[in-house]
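# I need the structure of the sequence given here:
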Amino acid sequence: MTYTPKSSPPPPGPGLPVLPAVPAQAAPASAPPSRPPAHTPAPSTPPTGPRRTAFAEGIDQLRSAATTEPGRLRIIGALLACLVLAFGAVTAWQMTDRAAAADDVLTRSQPLSSDAADIYRSLADANTAASSGFLAGGQESAATRDRYERDIHTAAEKLVNAAANADPDSPSTRTIAKLNRLLPEYKGLVERARTYNRQGFPVGGAYLRYANEKMQQQMLPAAEDLYKKENQRLGADYAAATPYPWAAIALGVAALAALAWAQHRNYRRTNRVLNHGLVAATATATVVLLWLVVGHTLARAGLNDSFDHGVRSLNVLHDARIASLKARGNENLTLVARGAETKKVGEETYDAYDYDFGTDIKALATHLAAAEKLADDASGERPVTAAMGNMQEWKKRHGAAREQDENGNYQQALNRVIGAKGATGECFDSVDDNLRRALAHEETEFQRAAGDGRDALTGMPAGVAVLAVLGAAGAVLGIGRRLSEYR
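So this is what the prediction gives:
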C-alpha cells in the first residue's frame, strides 16, 4: 500500500484530461513592501542625559588614579607642594602687613604725633610770649620777641609737614586747614595789640584778650584734636603690627604634619628611612615656622616696650608741658586783664585767668607724678623730679605775686612775674627746660625699642617666600624620586 501526502493533488480520474502544471508567478518588482504587524514596536534610540562637567570627570580621574600607587603618589606630591606654598604665601602676606605697620610706627605715626604735640606747644608758647611782651610794653626784650616769632614759625612748619603726611580726605586734613586759616588771624590780632600798647592806648589789652580768646577757644582745641587723632593713628598702627599671625602659624603646623605623615608612609612602604626631597621640604618649612614665631615675638616685644616705656611717657610729658604753658599764659593774662574777666564758682567769684592758672597747675602736678612713675631709669627720672621741684617753687612765687596785686602793688606783682630775677618766669623756664630734656630721653628710648621691633621683621617676607618655593620643589622632587621606581 502506497502513502500519499494530503497536499498532493488527487490523481486524475478516468476520462479527465491531464492539464499541465502552471508555475507560480513571482510578485512584481514594484509591489510595495508589506507593513509590519501592528503589534511590532518601532526601534528606539538610547536615552541621552545631561553632559558631565569637567570637575566631575576630574574627580573620576582622581578616583581612578588613587587606585594605583603611582597615582596616589602624584596626588600626595601635589597636595604637599600646595600646602607648603600656601604656608609661605600667607606668612609673607601677614608679615608684609606687620612690617609695614611697624615701620609706620617708627617713621610716620609717632613722629606725626610728636609734631601735633609740638604744634600745640608752639601755639601755647607763642601765646605766652605775646602776653609777656605785652606786659613789658615798650621795654619788650628781643629774646621775648624772638621766642614769639620762633614759635609761630615752628607751628607753621609743623602744620606744613602734617598736611604733607595726612590723608587727603581725613579729619586731620580739615583740622590742619582750620589751623592754617586761624594762625595769620591770631598773629594779626597780636600785632595790633602791640601797636596800641606801645602808643599807650588801653584798647591794646582788649585786642590781646581777643587774640587769647581765639587761641584758647579755637586754635588750641583744634591743635589738641589733631594731637588726639594722630595718637589714634599711632594706636591703630600698633594694633596692626603686634597681633600674632595665627593663620600662618596654623598652616605651618599643618604643613609639617603632612610632611611627617608622607615620610612615615614612605618608610612603611619602602623601608627607607630618609627621602632627601621630603627631608629638604621639612627642613625649609621648619625654618620658616621658627623664623615666623621667633621673629614676630621679638618684634612684638620691642614694639610693646616702645609703647610702654616710650609712647606712654611721651604722651604724659607732652601733656605736662602743655599744662605748664597754659598756666604761664593764664598767669600773664591775670595781670593784663587786671580783674576785667571774672568767673563764678558756686557762691564765690574769682579772677578768671587766676582760677584757670590754679587748674592748670593741678594738671601739671598730676602729669608730672605720672611721668615720674613711668620713668624706668635715672636719666628719665631726674628731669621729671627737677620739674616737680620747679613747679612747687613756681606756686610759691605766684602766690606772692598775687598778694602784691591784690594789695594794689601792680608793679611789684609785675616784677614778680616777668622780672629779671626771682620771678615766676624763671620757674616756668626751668619746668619747660626739664620737660624738654625728659622728652628727648624718652624719644631716644622709643626709637631704640621701636627700631629693634621693626628690625626683627626685616627681610622676613622675601625670605619666607624663597624658602616656601624651595620647600615645595623639595616635596615634588622627593615624590618624583619614588615615582621613578615604577618606570
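
# Assess the claim that Gly380 and Glu442 are in contact.
Yes - using Cβ atoms under 8 Å, Gly380 is in contact with Glu442, at 6.2 Å. Bear in mind the C-beta positions are built from the backbone N, C-alpha and C, glycine included.

# what sits in contact with each of the two?
Ser313 (Cβ atoms under 8 Å, 6 or more residues apart in numbering).

# Which of those two has more residues huddled nearby?
Using other Cβ atoms under 10 Å, the more surrounded residue of Gly380 and Glu442 is Glu442, with 28 against 22.

# Next, the buried residues of whichever strand or helix holds that one.
Applying DSSP states H and E as the criterion places Glu442 in helix 424-455. Within helix 424-455, the residues that count as buried by 16 or more other Cβ atoms under 10 Å are 424-428, 430-432, 434-435, 437-439, 441-443, 445-447, 449-450, 452-455.

# Next, give phi and psi for the nearest residue to Ala247 once chain neighbours are set aside.
Closest residue to Ala247 apart from its sequence neighbours, by Cβ to Cβ, 6 or more residues apart in numbering: Val90 at 5.5 Å. Note on Val90: backbone dihedrals following degrees, to the nearest 10 are phi -70, psi -40.

# I figured Val90 hits Leu251, correct?
Yes - if you go by Cβ under 8 Å, Val90 and Leu251 touch, sitting 5.5 Å apart.

# Ala344 looks like it's in a strand, true?
I think there's a mix-up here, since residue 344 is Lys and not Ala. Yes - under DSSP: H, G, I helix; E, B strand; the rest coil, Lys344 sits within a strand.

# Just give the closest residue to it, not the sequence neighbours.
Tyr350 (7.7 Å).

# buried sites along the helix or strand encompassing that neighbour?
Here Tyr350, judged by DSSP H and E, is contained in strand 348-351. Buried residues in strand 348-351, counted by 16+ other Cβ under 10 Å: Asp351.

# repeat for stretch 476-487
Buried residues in stretch 476-487 (16+ other Cβ under 10 Å): 476-479, 482.

# Quick check: strands, which of those are part of them?
In strands, judged by DSSP state E, none of these are found.

# Contact partners for Leu325?
Applying Cβ under 8 Å, 6+ apart, the residues near Leu325 are 121, 124-125, 127-128, 432.

# how distant is the helix or strand containing Ala262 from the center of its chain?
Taking DSSP H and E as the definition, one finds Ala262 inside helix 246-270. Its chain's average C-alpha position is 34 Å from that of helix 246-270, according to Cα atoms, centre = their mean, to the nearest Å.

# Which strands and helices lie in contact with the helix or strand just after that helix?
Once helix 246-270 ends, the next helix or strand along the chain (criterion: DSSP H and E) is helix 276-306. Here helix 276-306 touches helix 69-104, helix 220-241, helix 246-270, helix 424-455, helix 460-483, going by 3 or more Cβ pairs under 8 Å, 6 or more residues apart in numbering; DSSP states H and E.

# what's the angle from helix 276-306 to helix 220-241?
160 degrees (axes from the mean of the first three to the mean of the last three Cα atoms, to 10 degrees).

# Report the distance from helix 276-306 to the chain centre.
Between the centre of helix 276-306 and the centre of its chain there are 22 Å (Cα atoms, centre = their mean).

# Okay, buried residues for that helix please.
So for helix 276-306, counting by 16+ other Cβ under 10 Å, buried means 277-278, 280-282, 284-286, 288-289, 291-292, 295-296, 299-300, 302-303, 305-306.

# show me where pLDDT drops low in the chain?
For the chain, applying pLDDT under 70 flags the ranges 1-52, 58, 61-62, 64-67, 137-140, 271-273, 339-340, 486-487.

# wait, what's in contact with Thr286?
Leu256.

# Looking at the helices and strands packed on helix 276-306, spot the one closest to Arg145.
Ranking these by their distance to Arg145 (criterion: Cβ to Cβ) puts helix 424-455 first, at 15.1 Å.
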